[in-house]
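Novice: quick one, what's the 3D model for this:
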Amino acid sequence: DQPLIIKDSEHLRVIVEEELMPYIDYKYAALRVLGSEVSKVRAITDEAEKAQAIKDIQRFIVVFREYLVATYAGVFTQYTNQKVEFGAEQAFKGKDVVVVKTKIIEDGKPDIKIDFKVREDRGGEWRAYDMIAEGISLLDAKQSELQGILRQQGIDNVSNLLEQKSQLPVQFRGNGAND
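Specialist: Numbers count the residues shown, from 1 in each chain. Alright, predicted model coming up:
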């Protein structure tokens, strides 16, 4: 799809939506980013307040998914013909979390190590919920970035912020076509 992507970088969202998102456990990732905000809902005794808190979390999950689509689309502008090498096959059976190791290889450049944390969902499917690039967890970074805003301004403001970020146009970075 390179010619399409060069003409319209927004096509990367379609690719991410169709090719990547079915393998991402975005709900689990969103709940991990929210952290203690989720457990606070259990302590709410007022039914109307509890219902609103659940709605806020559900909205956050939807917005977080859109944010992931936009983020991955942006990241993919940096890659064109690199080779992806997967680590040795491993048994998943009986494990809660498995790390799938990959390397992005490009001639003349250092390899980029990207690990994916995967877990088995309730339906028995293994899905990725975190990407660790060169030792930095996307999920941990996002959680650190958003925790202060969550505490000070609440989940609704964080959802609004992510919604705004996810609506920004996909722009080429790195060695993309528009550099």
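
Novice: the longest helix seen in the chain packs against which elements?
Specialist: The longest helix of the chain (DSSP state H) is helix 47-76. Applying 3 or more Cβ pairs under 8 Å, 6 or more residues apart in numbering; DSSP states H and E, we find helix 47-76 packed against helix 11-15, helix 26-34, helix 36-42, helix 155-166. For glycine as for every other residue, the C-beta is placed from the backbone atoms N, C-alpha and C.

Novice: tell me the mean pLDDT over that helix?
Specialist: What helix 47-76 shows for mean pLDDT is 93.

Novice: quick check: closest non-adjacent residue to the most centrally placed residue in the chain.
Specialist: When Cα atoms, centre = their mean is applied to the chain, the residue found nearest the centroid is residue 68 (4.2 Å). Spatial nearest neighbour of residue 68, chain neighbours left out: residue 26 (5.7 Å); criterion: Cβ to Cβ, 6 or more residues apart in numbering.

Novice: from residue 71, how far off is that neighbour?
Specialist: In this structure, residue 26 and residue 71 are 11 Å apart, going by Cβ to Cβ, to the nearest Å.

Novice: repeat that for residue 162.
Specialist: For residue 162, the distance to residue 71 equals 10 Å [Cβ to Cβ].

Novice: dump the residue contacts of residue 85.
Specialist: Residues in contact with residue 85 (Cβ atoms under 8 Å, 6 or more residues apart in numbering) are 102, 103, 104, 105.

Novice: mind doing that once more with 6 Å?
Specialist: Neighbouring residues of residue 85 by Cβ atoms under 6 Å, 6 or more residues apart in numbering: 103, 105.

Novice: got the CA positions of the helix or strand encompassing it in CSV?
Specialist: Residue 85 belongs to strand 83-86 when assigned by DSSP states H and E. What follows is strand 83-86, C-alpha atoms only, in CSV (Å, rounded to 0.1, in the frame of the first residue of the first chain):
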residue,chain,number,x,y,z
LYS,A,83,13.0,-6.4,7.7
VAL,A,84,11.3,-7.7,10.9
GLU,A,85,12.8,-10.6,12.6
PHE,A,86,11.0,-12.5,15.4
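
Novice: relative to the whole chain's centre, how far out is that strand?
Specialist: Chain-centre distance of strand 83-86: 20 Å, with Cα atoms, centre = their mean, to the nearest Å.

Novice: export the helix or strand following it as CSV, just CAs?
Specialist: Scanning forward in sequence from strand 83-86 by DSSP H and E, the next helix or strand is strand 97-105. Taking C-alpha atoms only, strand 97-105 is exported to CSV below (Å, rounded to 0.1, in the frame of the first residue of the first chain):
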residue,chain,number,x,y,z
VAL,A,97,2.0,-13.0,30.0
VAL,A,98,4.5,-13.8,27.3
VAL,A,99,7.0,-11.5,25.7
VAL,A,100,7.3,-11.8,22.0
LYS,A,101,10.7,-10.4,20.9
THR,A,102,11.2,-8.8,17.5
LYS,A,103,14.0,-6.8,15.8
ILE,A,104,13.6,-4.3,13.0
ILE,A,105,16.6,-4.6,10.8
